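Novice: Attaching a predicted model along with its sequence, questions to come.
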Amino acid sequence: MRPQRYNALTSQYFAAAAGAGVLEGARVGRGAAGSRLQGTWVQFDLEVHNERISAARFLAFGCPHTIAVCSRVTELALGREIYASLPDGIDSLRAQFDVPVEKLGRLLTVEDAWGAAVAAARRRAEA
């Protein structure tokens, strides 16, 4: 079996894993999706002020593509209005990070975790 090769963007974001960690506080919404037993688990923490994302962090268990995409998503999210959809779409992320089609489910896990975090952040803001 041939070892997996990653494009430059995947290698860069995987190595740095900027945005990795957790956030705490009254304005933080947390959402997770996936399962470690199934090979991919993702959690996002989003801090929101005035309907804009002021801080974003992630924890992830998965392949380098999963971790790299999560890192990029937290970077893209800063300063944006809070929406249930990812700051960049699945198709765009898949192309940027050269994610093989057989790993598309991992990107869907990222998307589900993002949606859960947004929902949690909105509930916190309404409380």
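Specialist: Thanks, I have it. Residues are numbered from 1 along each chain as shown.
Novice: what's the longest helix along the chain in contact with?
Specialist: Counting by DSSP state H, the longest helix found in the chain is helix 104-126. Here helix 104-126 makes contact (CB atoms under 8 Å, 6 or more residues apart in numbering) with 26-34, 40-48, 51, 58, 62-63, 65-66, 69-70, 73, 82-86, 90, 93-94, 99. C-betas here are computed from N, CA, C, even on glycine.
Novice: What segments of the chain are strands?
Specialist: 28-35, 40-49, 52-61 (DSSP state E).
Novice: Which other helices and strands does the first one contact?
Specialist: With contacts defined as 3 or more CB pairs under 8 Å, 6 or more residues apart in numbering; DSSP states H and E, the packing partners of strand 28-35 are strand 40-49, helix 104-126.
Novice: Please identify which of those is closest to A8.
Specialist: For A8, the closest of the helices and strands packed on strand 28-35 is helix 104-126, at 18.8 Å, according to CB to CB.
Novice: okay if I get the helices and strands packed on strand 28-35 as a markdown table plus mean pLDDT and mean neighbour count?
Specialist: A markdown table is the format used below for the helices and strands packed on strand 28-35 (pLDDT from 0 to 100; neighbours: other CB atoms under 10 Å):
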| stretch | mean pLDDT | mean neighbour count |
| --- | --- | --- |
| strand 40-49 | 96 | 22 |
| helix 104-126 | 93 | 19 |
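Novice: I'd like the ones you listed laid out as CSV, including distance to V22.
Specialist: Listed next are these as CSV, based on distance: least, CB to CB, whole Å:
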stretch, distance to V22
strand 40-49, 5
helix 104-126, 12
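Novice: Nearest to G21 among these would be which one?
Specialist: strand 40-49 (8.0 Å).
Novice: what's the angle between that closest one and strand 28-35?
Specialist: Put simply, strand 40-49 runs at 170 degrees to strand 28-35, going by axes from the mean of the first three to the mean of the last three CA atoms, to 10 degrees.
Novice: so what strands line up beside strand 40-49?
Specialist: Paired neighbours of strand 40-49 in the sheet (DSSP bridges): strand 28-35 (antiparallel), strand 52-61 (antiparallel).
Novice: Run the chain-centre distance for it.
Specialist: In terms of CA atoms, centre = their mean, to the nearest Å, the gap separating the centre of strand 40-49 from the centre of its chain is 7 Å.
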